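[1] A structural model of the following input is requested.
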Amino acid sequence: MFGRNGIDGAGCVKTAGPEAQQGPRHVAVIMDGNGRWAQARGRPRLFGHHAGAKRVREIVNACPDLGVKYLTVFAFSTENWNRTQTEVAGLMSLFRRYISKETRALRDEGVRVRFIGDRVRLDNKLVAMMDELETITECNDRVHLTIALNYGSRDEVSRAIKDLVGDVAAGTLAPDDVDEETLTRYLDTKVLPDPDLVIRTSGEARVSNFLLWQSAYAEYEFVDTLWPDFTKEIFAGIVSAYCVRDRRYGGTRS
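    The predicted model follows:
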């Protein structure tokens with residue numbers, strides 16, 4: 001919803017015509033820094049993960065006023081299994097607790113939840129809770145929250161190629177019909193638009209195997225703030241700054 005003088009909730013000035021600057025429709029976030037945030041306070045790393053989970057709710061709630069329709073958050077990577085058994089077990093418990101605690105609020109607040117990633121390695125109880133949350137919220141459309149859980153972009157592409165090759169072998173897909181759009185339809189994110197903006201917190205400037213295919217033309221923002229300290233005001237500032245970026249997609253301004 002736009003306010004007076006053509007300024008939207010993100011503070012982006014809207015002008016008539018094809019040059020109008022639009023805010024990001026889809027924002028993806030690498031939520032980094034939970035462990036360091038906790039250790040700086042003399043607390044165990046899981047304390048930081050709990051604080052980070054609470055921050056997700058605040059950012060989800062901020063999305064509608066900022067014009068962000070899709071929010072994708074990186075919760076657990078395929079590489080995170082290399083952490084200590086205690087931390088991994090604690091994170092899995094946290095995911096179950098988050099789903100149990102937040103299901104009703106997410107449903108009532110119009111948030112549609114999806115999960116991406118390979119579910120094979122996850123325990124059956126957690127997978128059942130994920131399936132149920134997706135079903136309960138499937139009619140919502142206010143905000144689309146996608147949670148990347150046991151997700152890695154290379155793993156995703158590998159799984160997509162296996163499925164694609166299987167369809168070619170079965171004769172349901174002709175090799176000559178395979179192009180980049182074909183592969184996109186086999187990805188976990190096939191029902192989502194590509195991210196316009198990718199944010200990474202904690203001061204690290206790397207993408208960590210997150211949405212590599214989908215983010216080919218995304219804008220990136222690396223911020224020093226640790227995820228538990230990442231407020232809706234910081235989020236709004238980054239969304240607003242996106243509006244003045246010159247996005248040419250390989251072309252030039254005439």
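
[2] can you give me the strands for the stretch 51-200 of the chain?
    70-77, 111-116, 143-151, 197-200 (DSSP state E, counting those that start in this stretch).

[3] tell me which of these lies nearest to residue 56.
    Across these, the minimum distance to residue 56, taken as CB to CB, is reached by strand 70-77, at 6.1 Å. Yep, even glycine has a C-beta here, placed from its N, CA and C like the rest.

[4] under the pLDDT cut-off, which ranges of the stretch 1-150 of the chain? List them.
    Counting by pLDDT under 70, the stretch 1-150 of the chain has low-confidence residues at 1-21.

[5] which ones are touching the closest residue to residue 136 other than its chain neighbours?
    Closest residue to residue 136 apart from its sequence neighbours, by CB to CB, 6 or more residues apart in numbering: residue 107 at 5.3 Å. Neighbouring residues of residue 107 by CB atoms under 8 Å, 6 or more residues apart in numbering: 136-137, 140.

[6] and with 10 Å instead?
    Counting by CB atoms under 10 Å, 6 or more residues apart in numbering, residue 107 makes contact with 113, 133, 136-140.

[7] in ChimeraX, how would I select the buried members of those?
    The buried residues among those can be selected in ChimeraX (16 or more other CB atoms under 10 Å) with this line:
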select :113,133,137,140
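
[8] of the contacts of residue 107, which belong to helices?
    If you go by DSSP state H, the contacts of residue 107 have 133, 136 in helices.

[9] mind picking the two most distant members of the contacts of residue 107?
    The widest separation within the contacts of residue 107 (CB to CB) is 12.9 Å, between 133 and 139.

[10] can you pull the residues that touch both of these two?
    Here residue 133 and residue 139 share the contacting residues 107, 112, scored by CB under 10 Å, 6+ apart.

[11] which among the strands of the stretch 51-200 of the chain is found nearest to residue 177?
    So among the strands of the stretch 51-200 of the chain, strand 111-116 is nearest, using CB to CB, at 25.0 Å.

[12] can you list the strands that that closest one pairs with?
    strand 143-151 (parallel) (DSSP bridges).

[13] got the angle between the strand it pairs with and strand 70-77?
    20 degrees (axes from the mean of the first three to the mean of the last three CA atoms, to 10 degrees).

[14] the helices in this protein, which residues?
    Using DSSP H, the helices of the chain run over 34-39, 45-66, 85-108, 124-136, 153-170, 180-184, 232-242.

[15] quick one: the fourth one to helix 85-108, angle?
    The reference is to helix 124-136. Inter-element angle recorded for helix 124-136 and helix 85-108: 20 degrees (by the same axes, to 10 degrees).

[16] next: the second one.
    Relative orientation of helix 45-66 and helix 85-108, computed by the same axes, to 10 degrees: 30 degrees.

[17] which of the contacts of residue 107 lies closest to residue 147?
    residue 113 (6.8 Å).

[18] how far away is the closest one from residue 102?
    The spacing between residue 113 and residue 102, counted by CB to CB, to the nearest Å, is 9 Å.

[19] who touches both of the two?
    Both residue 113 and residue 102 are contacted by 60, 133, 145, under the criterion CB under 10 Å, 6+ apart.

[20] got a markdown table for the residues you listed, with distance to residue 204 too?
    Output for these, formatted as a markdown table (distance: CB to CB, whole Å):
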| residue | distance to residue 204 |
| --- | --- |
| 60 | 23 |
| 133 | 29 |
| 145 | 23 |
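
[21] how near is the residue lying closest to residue 156 once chain neighbours are set aside to residue 111?
    Excluding the flanking residues, the one nearest residue 156 by CB to CB, 6+ apart is residue 188, at 5.3 Å. Plainly put, residue 188 is 19 Å away from residue 111 if you go by CB to CB.

[22] could you do residue 202 as well?
    Counting by CB to CB, the gap from residue 202 to residue 111 is 25 Å.
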